[in-house]
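[1] got a structure for you, letters missing:
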C-alpha cells in the first residue's frame, strides 16, 4: 500500500509541475475544470444522491464551468479575476468562520440542496483560484500547495511520534493536537527558509503560511465530517493508495482561495505604505 501511495504521488507530481509552468492559461483552466467536476462527483457521493440528481448536479456544474471559460476567453484575465475575487472572499469567510463551528459542534444541516450549493461554491472558488494564481505567479501557487503537502506530512509524523491529545475524535480519530503543532513548526521553518533565501521578500510569509496551514486542517476535518456522516472511509477510489480526489485536495480547497485573499491584502498594505 505504501509503495502504491508513493508511486501515485510521484505520478501526480510529475504531471502537475509541467502543467503548472508550461500549459497556456486556457488549457490549464480547462484541465482544472475537469478535476473540479471529478471532485464534485465525489462530493455528490458523500451526500448519497440519486443517480438522476447527480447527473443534474454535474450538468449544472459543467454549464457554470463552461460559462467561466467563456468569460475568461472573452474578457481576459482581469474580468475573470474581478468576478472570482468575491467568490474567494465568501469561500474564505465560510472556511474561517463557519467550518470551525461545524467542527466544534460536530453538526451541520442535512438539507441536500444546501449541501450541494456549498460543495459547488467551494469547488468553483478553488477552480477560479487555481486559474488566477497560475496566471499571476505559478511559484506562488506552488508555495501554497506545497505548504499543504508539507503540513500533511509533518502532522502525520508528529502525530505518530508524539500524538496524545485528540484534535476532533468524533470526526477524525487519528488527528492530534501534536500533529497540528508539528505541521505549524514545519511550515514555519519552510516560510523562514523562503524569506531568508530571498525567494519571498517579506517576513509576513510566516503568519501567512500558518493561516493557510490552519485552513488546510479545517478542509481536512470538513471533508472527514461528511465522510463520517456518510459512513465512508474514502471519498472515492480514483487515486490508487490515496482514495478519492477529495481526499487529496481537501486541504487545498481552502488554502488557495484564502492564500489569494491574503496576497491581495498584502498588496493593499504595500500600496497604503507607499502613499
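    All right, it came through fine. Source: prediction; values computed, not measured.

[2] Strand partners (parallel or antiparallel) of the longest strand seen in the chain?
    In the chain, with assignment by DSSP state E, the single longest strand is strand 172-176. The pairing partners recorded for strand 172-176 under DSSP bridges are strand 166-168 (antiparallel).

[3] The helix or strand just after the longest strand of the chain relative to strand 172-176, how many degrees between them?
    Going down the chain from strand 172-176, the next helix or strand is helix 177-196, by DSSP states H and E. Angle between the axes of helix 177-196 and strand 172-176 is 50 degrees (criterion: axes from the mean of the first three to the mean of the last three C-alpha atoms, to 10 degrees).

[4] one step back: which parts of the longest strand of the chain are buried?
    Neighbour counts over strand 172-176 (16 or more other C-beta atoms under 10 Å) mark 172, 175, 176 as buried. In this view, the C-beta of every residue, glycine as well, is placed from N, C-alpha and C.

[5] Residue 248 versus the first one, what's the distance?
    Residue 172 sits 16 Å away from residue 248, taking C-beta to C-beta, to the nearest Å as the criterion.

[6] ok, now the second one?
    Residue 175 sits 16 Å away from residue 248, taking C-beta to C-beta as the criterion.

[7] How about the last one?
    The span separating residue 176 from residue 248 equals 21 Å under the rule C-beta to C-beta.

[8] Helix or strand: which one has the residue lying closest to residue 91 once chain neighbours are set aside?
    Nearest residue to residue 91, sequence neighbours excluded (C-beta to C-beta, 6 or more residues apart in numbering): residue 125, at 3.6 Å. Secondary structure assignment for residue 125, by DSSP H and E: helix 112-136.

[9] I'd like the mean pLDDT over the following helix or strand past that helix, please.
    Next helix or strand after helix 112-136 toward the C-terminus (DSSP H and E): helix 138-162. Averaging pLDDT along helix 138-162 yields 93.

[10] Look up how far residue 86 lies from residue 264.
    Residue 264 sits 11 Å away from residue 86, going by C-beta to C-beta.

[11] of these two, who's got more company?
    residue 264 (14 against 10; other C-beta atoms under 10 Å).

[12] In stretch 235-252, which residues are buried?
    Buried residues in stretch 235-252, counted by 16+ other C-beta under 10 Å: 235-236, 238-239, 242-252.
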